[in-house]
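>>> Below: sequence and its predicted model.
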Amino acid sequence: MSWDGEEELREHDAESGAFMAIAVHSTRLGPAVGGARMKTYASPDDAAADARRLSTAMTLKMAASGMAWGGGKGVIAVPPGGISGDARRELLRRYGRLVASLDGRYRTAPDVGTSSADMDVIAETAGSWVFGRSTARGGSGPSGPATAIGVHAAIRVTCDEVYGSAALAGRHLLVQGAGSVGGALIDLLLAEGARVSCSDLDRGAVRRFEERGVAFVDPGAVIGFPCDLFSPCALGGVLSADSVPRLRCRAVTGGANNQLADDAAAGALAARGILYAPDFIANSGGATSGIHMEADGWSRERVEQDVADRVTAALRAVFALARDAGLTSDAAARELARRRLESGGGRI
Ligand code: PHE
């Protein structure tokens with residue numbers, strides 16, 4: 001896979017059998033920021049490739065959101081079954097040393113498989129190069145709720161575009177993943193009177209929502225499940241040449257990173273008349289809010305309002321450019337990010 005990033009670290013962790021990779025894609029607009037993903041991969045090369053792809057998405061996310069930050073990502077590939085207890089703690093501390101070795105060119109943060117408590121541990125060795133520590137330790141806490149606020153705003157903009165109304169009351173939404181982002185999103189959707197169906201590999205994670213009227217969807221039935229809008233909030237790669245022809249919805253707007261599995265997927269969505277809200281616009285709220293709270297001292301109230309406003313404005317601009325220039329929404333979002341990167345930043 002070709003990658004136009006700046007630097008990359010790879011380390012085999014002999015003690016735990018884990019493999020760590022940090023990809024710094026771009027520091028053009030500022031220091032690179034991006035989460036630390038912990039999961040099991042088929043091979044170290046797969047893990048490093050994921051770090052590269054995810055770091056590229058962070059550059060786009062920061063650029064398209066008007067942030068003076070670049071893109072990076074850390075991946076901690078753990079053996080099947082994961083690593084827990086003291087061994088996990090020590091692994092996180094060694095990951096923190098790897099982060100520190102980049103002298104601030106990359107700042108880490110929570111992502112799939114890591115929490116605020118993990119950031120507290122990582123900060124023991126990475127020092128101040130960590131976003132998203134627990135609020136008790138002076139951090140901004142979990143990034144899921146703010147990400148969900150942005151995804152919710154993006155869903156409203158998407159529905160406005162597709163159905164001529166941003167109101168979600170009575171609209172049927174399918175949320176894939178009831179984790180930190182999907183779970184917080186379901187709360188916001190239910191509060192607005194939406195009809196929600198939800199899928200998660202862990203049935204138990206959906207139970208507390210089932211009591212409130214959410215219908216459980218078998219993970220194998222997500223693609224092809226009829227709904228008004230599909231919101232992928234789990235892992236990436238759900239939209240592919242194989243899955244897009246089977247979708248039964250008018251729009252896709254979710255919180256997962258890298259939802260498009262291949263280059264053809266964006267075109268396939270557009271050809272079917274399914275409006276896609278680019279993931280790196282819809283899910284930017286976790287990162288922008290954490291950065292503004294910790295690096296700029298903004299209050300939680302201020303960042304929450306800012307996330308909703310920023311995602312709304314950015315997505316409107318994307319849909320407008322897509323329409324005017326005859327681009328897919330993904331190409332339009334990349335173009336807006338590219339313009340800002342080329343001009344070296346500034347407010348948008
Ligand atoms: N996981 C976040 C994302 O993908 C990264 C992040 C969270 C960055 C919190 C900074 C602060 O956008």
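Nice, thanks for sending it over.
>>> Please identify the residues of the stretch 51-200 of the chain in proximity to the ligand?
109-111, 131-132, 143 (C-beta under 6 Å from any ligand atom). (C-beta placed from N, C-alpha, C; glycine too.)
>>> Filter those down to the buried ones, ChimeraX style.
Buried subset of those, written as a ChimeraX selection, criterion 16 or more other C-beta atoms under 10 Å:
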select :109,110,111,131,132,143
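>>> Closest to residue 165 out of the residues of the stretch 51-200 of the chain next to the ligand?
residue 143 (29.6 Å; C-beta to C-beta).
>>> measure residue 216 to residue 187 for me?
Going from residue 216 to residue 187 by C-beta to C-beta, to the nearest Å gives 17 Å.
>>> Does anything pack onto the longest helix along the chain? Which helices or strands?
For the chain, the helix with the greatest residue count under DSSP state H is helix 300-325. Applying 3 or more C-beta pairs under 8 Å, 6 or more residues apart in numbering; DSSP states H and E, we find helix 300-325 packed against helix 144-163, helix 279-282, helix 285-296, helix 329-342.
>>> hey, which of these is tucked in deepest?
Counting by mean count of other C-beta atoms under 10 Å, helix 279-282 has the highest mean neighbour count of these, with a mean of 29.
>>> Now do that one: everything it contacts.
Helix 279-282 is contacted by residues 57-58, 60-61, 64-65, 150-151, 154-155, 236, 253-260, 311, 314-315, 318, 333, 337 when judged by C-beta atoms under 8 Å, 6 or more residues apart in numbering.
>>> mind listing what's buried in the longest helix of the chain?
Result for helix 300-325 [16+ other C-beta under 10 Å]: buried residues 303-304, 306-308, 310-312, 314-315, 317-319, 321-322.
>>> what's the angle from that helix to helix 329-342?
Put simply, helix 300-325 runs at 110 degrees to helix 329-342, going by axes from the mean of the first three to the mean of the last three C-alpha atoms, to 10 degrees.
>>> right, and residue 114 touches residue 35 too?
Yes - contact criterion C-beta atoms under 8 Å: residue 114 and residue 35 qualify, at 7.0 Å.
>>> pretty sure residue 163 is touching residue 228, no?
Yes - between residue 163 and residue 228 there is a contact under C-beta under 8 Å: 7.4 Å.
>>> Need the nearest residue in space to residue 109, chain neighbours excluded.
Nearest non-adjacent residue to residue 109, counting by C-beta to C-beta, 6 or more residues apart in numbering: residue 131, 4.1 Å away.
>>> Could you pull up the residues touching the one you found?
For residue 131, the contact set (C-beta under 8 Å, 6+ apart) comprises 33, 107-110, 119, 139-140, 287, 290-291, 294-295.
>>> same question, residue 310
By C-beta under 8 Å, 6+ apart, the contact list for residue 310 reads 65-66, 150, 284-285, 288.
>>> can you check residue 54 too?
23, 34-35, 37, 73, 75, 257-258.
>>> Count the residues that sit near the nearest residue to residue 111 once chain neighbours are set aside.
Nearest non-adjacent residue to residue 111, counting by C-beta to C-beta, 6+ apart: residue 35, 2.6 Å away. For residue 35, the count of nearby residues is 26 (other C-beta atoms under 10 Å).
>>> Give me the local confidence score for residue 35.
The per-residue pLDDT reported for residue 35 equals 97.
>>> Break down the chain into its strands, ranges please.
Counting by DSSP state E, the chain has strands at residues 7-13, 18-26, 32-33, 36-39, 70-77, 106-107, 172-176, 195-199, 215-216, 229-232, 251-252, 275-276.
>>> Save those as CSV, and put in mean neighbour count and distance to residue 243 too.
Shown next, in CSV, are the strands of the chain (neighbours: other C-beta atoms under 10 Å; distance: least, C-beta to C-beta, whole Å):
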stretch, mean neighbour count, distance to residue 243
strand 7-13, 15, 30
strand 18-26, 26, 26
strand 32-33, 28, 30
strand 36-39, 23, 21
strand 70-77, 30, 24
strand 106-107, 28, 32
strand 172-176, 25, 11
strand 195-199, 23, 14
strand 215-216, 15, 20
strand 229-232, 28, 10
strand 251-252, 24, 10
strand 275-276, 24, 12
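>>> quick one: pLDDT of the residue nearest the centre of the chain?
The centroid of the chain falls nearest to residue 257 when counting by C-alpha atoms, centre = their mean (4.0 Å). With respect to pLDDT, residue 257 scores 93.
>>> you'd agree it is up against residue 283?
Yes - counting by C-beta under 8 Å, residue 257 does reach residue 283; the two are 6.5 Å apart.
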